[in-house]
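Visitor: just the structure for this:
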Amino acid sequence: MRLRLMEATVECLVELGWAGTSTTVVSQRAGVSRGAQLHHFPSKQDLVVAAVGHLSERRREDMAKSAADLPEHGRTRAVLDVLAAQFVSPVFFAALELWVAARTDAELRKAVGPLERRVGRETHAFAVELLGIDEAKGDNRALVQATLDLVRGLGLAASLSDDSKRRSVVLDAWATVLDDQLETS
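Guide: Numbering: from 1, shown residues only. Model (predicted):
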């Protein structure tokens, strides 16, 4: 039941936005009673933060599975595809709705901030692992952070239109930069 509620919450955030997502709509979509929803998640804030956190973990597991088959030749470009996919997913678009709402809602910002910091640290560590680098060498840490900022920005652009062709060209160019600039072991 909790899983159905969290999945329905992300669907609502993506389709209806923060303002259109209510606990009533989520309960109906999940096929659970309002009382059951309130038992598990007493407020909209509790529900959406839990949903985005849970599904971020699931998305990370999916990314790890896709990363298991990365090629040796063209690996950097393949890593960029794995990372970029995280930022054009429904979970990212749901999180984006939370970020925008949290900008002007201090209570929501208190709840969303720690989640975003945790997800950011984990995504950074995952990128370092996928690239097979030591982030303490040279500019590696800054290059990984620039990579995550880049794919996040591409995800923002994808929230408004399908820009997959432009994203592919940008990622091709960035892979070349990383291959030239990252210090390997």
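Visitor: state the mean pLDDT of the top helix by length along the chain.
Guide: For the chain, the helix reaching the highest residue count under DSSP state H is reported as helix 106-131. Over the span of helix 106-131, the pLDDT mean works out to 90.
Visitor: tell me which helix or strand in the chain has the weakest average pLDDT.
Guide: helix 44-67 (a mean of 81; mean pLDDT, DSSP states H and E).
Visitor: centre-most residue in the chain?
Guide: Phe92 (4.1 Å; C-alpha atoms, centre = their mean).
Visitor: isn't that residue right next to Ala84, touching?
Guide: No - using C-beta atoms under 8 Å, Phe92 is not in contact with Ala84; the gap is 10.2 Å. Yep, even glycine has a C-beta here, placed from its N, CA and C like the rest.
Visitor: between those two, which contacts overlap?
Guide: Each of Gly155 lies in contact with both Phe92 and Ala84 under the rule C-beta atoms under 8 Å, 6 or more residues apart in numbering.
Visitor: angle of the very next helix or strand once past the longest helix of the chain against helix 106-131?
Guide: Following helix 106-131 in sequence order, the next helix or strand is helix 140-158 (DSSP states H and E). Here helix 140-158 runs at 120 degrees with respect to helix 106-131, directions being taken by axes from the mean of the first three to the mean of the last three C-alpha atoms, to 10 degrees.
Visitor: so for the helix or strand following the least confident helix or strand of the chain, mean pLDDT?
Guide: Elements were assigned by DSSP H and E; along the chain past helix 44-67, the next helix or strand is helix 75-86. Within the predicted structure, the mean pLDDT of helix 75-86 is 94.
Visitor: list the buried residues of the helix or strand just after helix 75-86.
Guide: Past helix 75-86, heading to the C-terminal end, the next element that is a helix or strand (DSSP H and E) is helix 90-104. With burial defined by 16 or more other C-beta atoms under 10 Å, the residues of helix 90-104 counted as buried are Val91, Phe92, Phe93, Ala94, Ala95, Leu96, Glu97, Leu98, Ala101, Ala102.
Visitor: rebuild those residues as TSV, extending it with pLDDT and distance to Gln181.
Guide: Formatted as TSV, the buried residues of helix 90-104 follow (pLDDT from 0 to 100; distance: C-beta to C-beta, whole Å):
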residue	pLDDT	distance to Gln181
Val91	83	30
Phe92	86	26
Phe93	88	31
Ala94	85	33
Ala95	85	29
Leu96	88	29
Glu97	86	34
Leu98	86	33
Ala101	89	37
Ala102	88	34
